[in-house]
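Engineer: Curious how this folds, go ahead:
(chains A and B)
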Amino acid sequence: MLGRDYVNVLYIDLEKEEFKYEKRQDLLKYIGGTGVAAKLLDENLKAELDVFDSSQPIVFAIGPLSFVMPVCTKAVAAFYSPHTKEYGESHAGGRLAMAMRFSNIDAMVITGRAKHPIYIVIDDKVTFKDARAMWGLSVEDTGKILRQHTSGSGVRSSMRIGRAGENLVSYANVNVDTYRHFGRLGLGAVFGSKFLKGIVIIGDNSIPIPAESRKKYRQVYDRIYDTVIKTDVMEKYHELGTSINVVPLSDMNALPTLNLSTTKYDYAEEISGESFAKKSLIRKVACAGCPIGCIHIGQFRRQFDEGYEYESVSVSYDHELLFSLGSFIGLKSPDEILQLIDVVEREGLDAISTGVALGWATECYKRGIINLDDTLMPFEFGVLPNYMAAVHYIATGKNEFYKNLGKGVYNASKIYGGEDIACHLGGNEMPGYHTGYGSVVGFSVGSRHSHLDNAGYSIDQAGVKEEEIVQKIFEEEIERNILTSLVICLFARKVYKRDIILEALDSIGIKTTNEELTKSGREILKLKYDIKRKLGYSLDSKKIPERFFKTRSFNGKLDSTKAYKMVKKYKEMVDAL
Amino acid sequence: MATVLKVEDRRRCIGCLSCRQACARLRGDFSAADSAIDVKTQGGLSGEFIINICRGCIDAACMEACKFGALTKREGGGVVFHKGKCTKCGACSRACSVSAIRMDSEGYPIICSHCGYCAKYCPHRCITLKEVF
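Structural biologist: Numbers count the residues shown, from 1 in each chain, chains lettered A, B, ... in the order given. Okay, here's the model as predicted:
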């Protein structure tokens, strides 16, 4: 890894309150990030034990380029997902990658369950601190306390969970530095199961740039920085952000709306990126090491009392949130969506899964599949107050129904019915694109069931022939395994072409070749699928809900036989790795 | 014409730390902590950013505090650092009333030379190099 010929792994045992570092030269072939995290998960995972067993590991990893090249800002987490009960991987930006880098931690493995709620502070050592007084507090309040009680402002990263994680909601997230998250697949619940309320990492160590490579490093850095800032390659992310997608997706029949009963939203203009920019956008912020500033912050004010008593709230938004907490449940204005984002943030839930769960519950309620005894209040698309209450109920497991809804729509629909309208793929709630076979098959086969695994939605929009889609998905997933192992933010994927990657690595003293990178990408994909198999997952184990075939996509109505054939083809390709 | 680094508008800051990285890069380190410029939040990322730089004093307290001649007057404002004379005593850092001098990992003070390299990397022109008379 950077500046040394090994991967420095920090092992933390929460039960014994002990830690140790190991120099792992053997991990170098996994590059870093995704590759190293998957390998360490594989080594430490206990497939035969319960997902919440205290011995199950949480793994974090950064890559060789983290923070030293522009837009290399993410950290990768790997874990046994309590949501899908198989391989869990999630990525987060903020300041975590920087803090890990300058704490000299390339990767860390956390095991054990603390005796009572704790948080840990990592600088040159690991300190285990009492968090009993924070248990039950919101993500926001916990963040304020962690900041008050630790040093390192400016070079520090703070992770924490809310009540959802404490209560083991299977799609609870981990908040990173207020506006970023390990959002998907339930890392927050794994924290909760370990009584781990938060982690603060202070990264203030020096890593000298070798004198002989300073000039070259600066040249390569500048070239990449100029591409990021002075060309239009990343302009979209800086200006309106990903929410620029809302209107075009609706226009092309690809925006999941009202529990995916349609893909065209009558109020797309009202909840568009343009509308947010006009009415709510107050500032943008950036992850450490990225000059783009793609984090769009919207603000709303809420009257909490008579007599002009207001509070103002700032939350971050992007396309996925405008779809899941907007079009998917029929909300019609930026203010309404921001209010719902705020409660989802405070409770520490994955916004996509929460919105999709609410959409499913609303349609089930309308159809009489569930009733007031379950929901405790009526649900109606477009009506905000009960959705806000429902988010609290999910986070706290208010009754049996909300406990089940807190396990995701795949699990809830097995209990109550409505499986055909439960919009999950591979057990994970769908992201904000219904573009065609690329999206449906891509999300289904993606190793973490994320739209970012292989960008099937993008392949659909590029007009790729049906018979070539699976091959493209497969190749893209391998390519992205390389990017997320290095760890480059996927928003910069067009900046970091292979020749640039090789130059960037070379400038910090890491020699490799295109062939070696491709080989690593393939090995990492194979490793992830090996882990999935160990955990009992099979590509033909989960059906694709009927709703995906009934509702028109950008590429028209999809045929289930064709989709399953594509999944089968992908399986053959993965098996041949 | 002499130039001095100035904070043009800290409210535009997005906290990307590109300026800190630039300074550290020039000094030969990857770490943002090894920079003459400091950017931090006030009350977390939901609050405002503070940009803490050498203010380029005409009559510099840090220079006054240095008893070894390691800091001399810089034309236009601020000081020039002479590493060979520095004893790493930290008096300059303690004397700076806006806490703009941090110490590096070897114990030397990180003194801003007002070169303006950091400003080149600020995507929002929060910091600029200004001509002074």
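Engineer: Domain map for the chain?
Structural biologist: I went with chain A, as the question did not name one. Following automatic domain parsing, chain A resolves into domains at A:7-202, A:232-425.
Engineer: try chain B instead
Structural biologist: If you go by automatic domain parsing, chain B breaks into B:1-53+B:114-133, B:55-111.
Engineer: Give me the contacts around the helix or strand containing residue A:386.
Structural biologist: Secondary-structure assignment from DSSP states H and E places residue A:386 in helix A:384-396. The contact list for helix A:384-396 (Cβ atoms under 8 Å, 6 or more residues apart in numbering or on different chains) reads A:162-164, A:167, A:169, A:172, A:329, A:331, A:336, A:339-340, A:343-344, A:347-349, A:354, A:357-358, A:361, A:375-380, A:398-399, A:402, A:405-406. For every residue, glycine as well, the C-beta is placed using N, CA and C.
Engineer: Now that we have those residues, which of them are buried?
Structural biologist: Using 16 or more other Cβ atoms under 10 Å in any protein chain shown as the burial test, the contacts of helix A:384-396 include A:162-164, A:167, A:169, A:172, A:329, A:331, A:336, A:339-340, A:343-344, A:347-349, A:354, A:357-358, A:361, A:375, A:379, A:398, A:402, A:405-406 as buried.
Engineer: Contacts only, for residue 11.
Structural biologist: Defaulting to chain A. Taking Cβ under 8 Å, 6+ apart as the definition, contacts of residue A:11 comprise A:19, A:20, A:21, A:22, A:108, A:109, A:111.
Engineer: my bad, the chain I had in mind was chain B
Structural biologist: Residue B:11 neighbours (Cβ under 8 Å, 6+ apart): residue B:48.
Engineer: quick one: furthest residue from the center of chain B?
Structural biologist: residue B:46 (24.6 Å; Cα atoms, centre = their mean).
Engineer: Touching, that residue and residue A:178? I think so.
Structural biologist: Yes - using Cβ atoms under 8 Å, residue B:46 is in contact with residue A:178, at 5.6 Å.
Engineer: The residue farthest from the centre of chain B: what secondary structure?
Structural biologist: Following DSSP: H, G, I helix; E, B strand; the rest coil, residue B:46 is assigned to coil.
Engineer: Ok, residue A:78 next?
Structural biologist: At residue A:78, secondary structure determined by three-state DSSP is strand.
Engineer: host element of the closest residue to chain B within the stretch 51-200 of chain A?
Structural biologist: Residue nearest to chain B within the stretch 51-200 of chain A (Cβ to the nearest Cβ): residue A:154, separated by 3.4 Å. For residue A:154, there is no helix or strand it lies in under DSSP H and E.
Engineer: Give me the pLDDT value at it.
Structural biologist: We have a pLDDT of 87 for residue A:154.
Engineer: My guess is residue A:89 contacts residue A:34. True?
Structural biologist: Yes - with contact defined as Cβ under 8 Å, residue A:89 and residue A:34 form a contacting pair (6.7 Å).
Engineer: Give the residues shared as contacts by those two.
Structural biologist: Here residue A:89 and residue A:34 have A:76, A:78 as joint contacts, going by Cβ under 8 Å, 6+ apart.
Engineer: Select the longest strand from chain A.
Structural biologist: For chain A, the longest strand by residue count, based on DSSP state E, is strand A:295-305.
Engineer: Next, the contact list for residue A:214, please.
Structural biologist: Going by Cβ under 8 Å, 6+ apart, residue A:214 touches B:25, B:28.
Engineer: Am I right that it sits in a helix?
Structural biologist: Yes - under three-state DSSP, residue A:214 falls within a helix.
Engineer: what separates it from residue B:34, distance-wise?
Structural biologist: Using Cβ to Cβ, to the nearest Å, residue A:214 is found at 13 Å from residue B:34.
Engineer: Likewise for residue A:126?
Structural biologist: For residue A:126, the distance to residue B:34 equals 24 Å [Cβ to Cβ].
Engineer: re earlier: ok, the longest strand of chain A: who's next to it in the sheet?
Structural biologist: strand A:281-285 (antiparallel), strand A:309-317 (antiparallel) (DSSP bridges).
Engineer: distance between that strand and the chain's centre?
Structural biologist: How far strand A:295-305 lies from its chain's middle: 24 Å, per Cα atoms, centre = their mean, to the nearest Å.
Engineer: coming back round to it: show me which of residue A:89 and residue A:34 is the more surrounded one.
Structural biologist: residue A:34 (31 against 28; other Cβ atoms under 10 Å in any protein chain shown).
Engineer: Give the next helix or strand downstream of the helix or strand bottoming out on mean pLDDT in chain B.
Structural biologist: Taking mean pLDDT, DSSP states H and E as the measure, the helix or strand of chain B with the lowest value is strand B:38-41, at a mean of 90. Later in the chain than strand B:38-41, the nearest helix or strand by DSSP H and E is strand B:49-52.
Engineer: Tell me how far the following helix or strand past that next one lies from the chain's centre.
Structural biologist: Using DSSP H and E, the next helix or strand after strand B:49-52 towards the C-terminus is helix B:61-65. Centroid separation for helix B:61-65 versus its chain: 15 Å, with Cα atoms, centre = their mean.
Engineer: Please list the outside residues in contact with helix B:61-65.
Structural biologist: Looking at what lies outside helix B:61-65 - Cβ under 8 Å, 6+ apart - the contacts are B:71-73, B:79, B:91-97, B:101, B:109, B:111.
Engineer: Helices - which of those residues land there?
Structural biologist: B:91, B:92, B:93, B:94, B:95 (DSSP state H).
Engineer: Check which helix or strand the closest residue to residue A:397 other than its chain neighbours maps to.
Structural biologist: With Cβ to Cβ, 6 or more residues apart in numbering or on different chains as the criterion, residue A:397 has its nearest non-adjacent residue at 4.3 Å, and that residue is residue A:403. Here residue A:403 is covered by helix A:400-405, with elements defined by DSSP H and E.
Engineer: and that helix, what other elements does it pack with?
Structural biologist: Judged by 3 or more Cβ pairs under 8 Å, 6 or more residues apart in numbering or on different chains; DSSP states H and E, helix A:400-405 is in contact with helix A:372-375, helix A:384-396, helix A:409-416.
Engineer: coming back round to it: which one's more surrounded, residue A:126 and residue B:34?
Structural biologist: residue B:34 (26 against 22).
Engineer: how about that one, what does it touch?
Structural biologist: Per Cβ under 8 Å, 6+ apart, neighbours of residue B:34: A:206, B:23, B:24, B:27, B:104, B:105, B:110.
Engineer: filter the residues you listed to the buried ones?
Structural biologist: A:206, B:23, B:24, B:27, B:104, B:110.
Engineer: show me what contacts the fifth one?
Structural biologist: Residue B:104 makes contact with A:206, B:27, B:34, B:110 under the criterion Cβ under 8 Å, 6+ apart.
Engineer: from the residues you listed, which is closest to residue A:227?
Structural biologist: residue B:27 (24.5 Å; Cβ to Cβ).
Engineer: and after the helix or strand bottoming out on mean pLDDT in chain A, which helix or strand comes next?
Structural biologist: Every helix and strand of chain A was ranked by mean pLDDT, DSSP H and E. The lowest is helix A:235-238, at a mean of 82. Sequence-wise, the next helix or strand downstream of helix A:235-238 (DSSP H and E) is helix A:246-251.
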